[in-house]
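K.L.:
based on what follows, work out the 3D shape:
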Amino acid sequence: MIQQYLPAIKHGESTRFFLMAGPCAIEGEEIALRIAERIVKITDKYGIPYIFKGSYRKANRSRSDSFTGIGDEKALKILEKVGQTFGVPTVTDIHESHEAAIAAAYVDVLQIPAFLCRQTELLVAAAETGKVINIKKGQFLSASSMKFAVDKVKDVGNDKVFLTDRGNTFGYQDLIVDFRGLPEMRAFGVPTVMDCTHSLQQPNQTSGVTGGKPELIETIAKAAIAVGADGLFIETHPDPANAKSDGANMLHLDLLEGLLEKLVRIREAIL
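P.N.:
Got it, this is the predicted structure:
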């Protein structure tokens, strides 16, 4: 499904950005379907290609008592059901090479987490599934260095790859977005996405729970669209304060339509 519009986006033929959105983690079937249904209605209204996102397992947590998931197979089957129910592509992240083939049986896009974007065996295993691969840029890397991650996927014979910027480390407890990186990564001939929520994280808090600045999501999203991002990545939830993962930097689901309406107008204005 995603293959139908990625080529157009890649070659600059699309007048719309695409959206990757959903909860940080799969918390259960009912809430995943509820979030997906709401976003599908909004993206259909504005003609925005949509990919439902959700982590089937959270492998990178600061504390050992943090939520990691509801069970791998259970979560993957929920992702599969979302895709089948609403006819949209789905994406989830993988953390080890052996997970690539497992997750590929349920989703359309495999995502490489930012901290793992240099792991050659992981990138190769993901590429070998033939799925679309989304590589998140490491907070510790320059935009130009992501060319080598793209090459690792393409060298396997898989050219269905795109990149997602999620900010750069700024001190120990903050991130900053360098918007020069979006056109720089786009020059590699791949679609480039802005992660509007993780780029506002405040990591390494003394509590062991990552903070965030969700009030700036609109700012990051507007700037990304203005500089030509092909897509946006937004984690959203109907009750961020009680989300099981990354609630501190999520967009409240009730705010998504208003934001997308503004972003569509910005994209139309600059074309």
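
K.L.:
can you map out the helices along the stretch 51-200 of the chain?
P.N.:
Along the stretch 51-200 of the chain, the segments classed as helices by DSSP state H, counting those that start in this stretch run 72-86, 99-104, 120-128, 146-154, 181-186.

K.L.:
scan this structure for its longest strand.
P.N.:
strand 231-237 (DSSP state E).

K.L.:
quick check: mean pLDDT of that one?
P.N.:
Model confidence over strand 231-237, given as mean pLDDT, is 96.

K.L.:
check stretch 51-65 too.
P.N.:
Per-residue scores along stretch 51-65 average to 78.

K.L.:
and stretch 114-124, how far from the chain's centre?
P.N.:
Centroid displacement of stretch 114-124 relative to its chain, using C-alpha atoms, centre = their mean, to the nearest Å, is 16 Å.

K.L.:
on that earlier part again, can you put the helices of the stretch 51-200 of the chain in JSON lines and add mean pLDDT?
P.N.:
JSON lines is the format used below for the helices of the stretch 51-200 of the chain (pLDDT from 0 to 100):
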{"stretch": "helix 72-86", "mean pLDDT": "97"}
{"stretch": "helix 99-104", "mean pLDDT": "97"}
{"stretch": "helix 120-128", "mean pLDDT": "98"}
{"stretch": "helix 146-154", "mean pLDDT": "98"}
{"stretch": "helix 181-186", "mean pLDDT": "95"}
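
K.L.:
OK, contacts around residue 140?
P.N.:
The contact partners of residue 140, by C-beta atoms under 8 Å, 6 or more residues apart in numbering, come to 168-169. C-beta coordinates here come from the backbone N, C-alpha and C atoms, glycine included.

K.L.:
ramachandran coordinates for it?
P.N.:
Here is the backbone geometry of residue 140 (degrees, to the nearest 10): phi -100, psi 0.

K.L.:
confidence score at it?
P.N.:
93.

K.L.:
next, the contact list for residue 105, please.
P.N.:
Residue 105 makes contact with residue 76 under the criterion C-beta under 8 Å, 6+ apart.

K.L.:
save the helices of the stretch 51-200 of the chain as TSV, and put in distance to residue 164 and mean neighbour count too.
P.N.:
Shown next, in TSV, are the helices of the stretch 51-200 of the chain (distance: least, C-beta to C-beta, whole Å; neighbours: other C-beta atoms under 10 Å):
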stretch	distance to residue 164	mean neighbour count
helix 72-86	18	18
helix 99-104	17	20
helix 120-128	14	20
helix 146-154	10	20
helix 181-186	9	20
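
K.L.:
of these, which approaches residue 267 most closely?
P.N.:
Nearest to residue 267, of all the helices of the stretch 51-200 of the chain, is helix 181-186, at 13.8 Å by C-beta to C-beta.

K.L.:
what about the nearest residue to residue 220 once chain neighbours are set aside, neighbour count?
P.N.:
Distances taken as C-beta to C-beta, 6 or more residues apart in numbering place residue 196 nearest to residue 220, at 4.6 Å, with adjacent residues excluded. Per other C-beta atoms under 10 Å, the neighbour tally for residue 196 reads 32.

K.L.:
in CSV: the helices of the stretch 51-200 of the chain, plus distance to residue 220.
P.N.:
Converted to CSV, those look like this (distance: least, C-beta to C-beta, whole Å):
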stretch, distance to residue 220
helix 72-86, 26
helix 99-104, 28
helix 120-128, 26
helix 146-154, 19
helix 181-186, 11
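
K.L.:
so which of those helices is nearest residue 35?
P.N.:
Relative to residue 35, the nearest member of these by C-beta to C-beta is helix 72-86, separated by 8.8 Å.

K.L.:
make sure the residue nearest to residue 220 is actually in contact with residue 229.
P.N.:
No - under the criterion of C-beta atoms under 8 Å, residue 196 is not in contact with residue 229, lying 9.4 Å apart.
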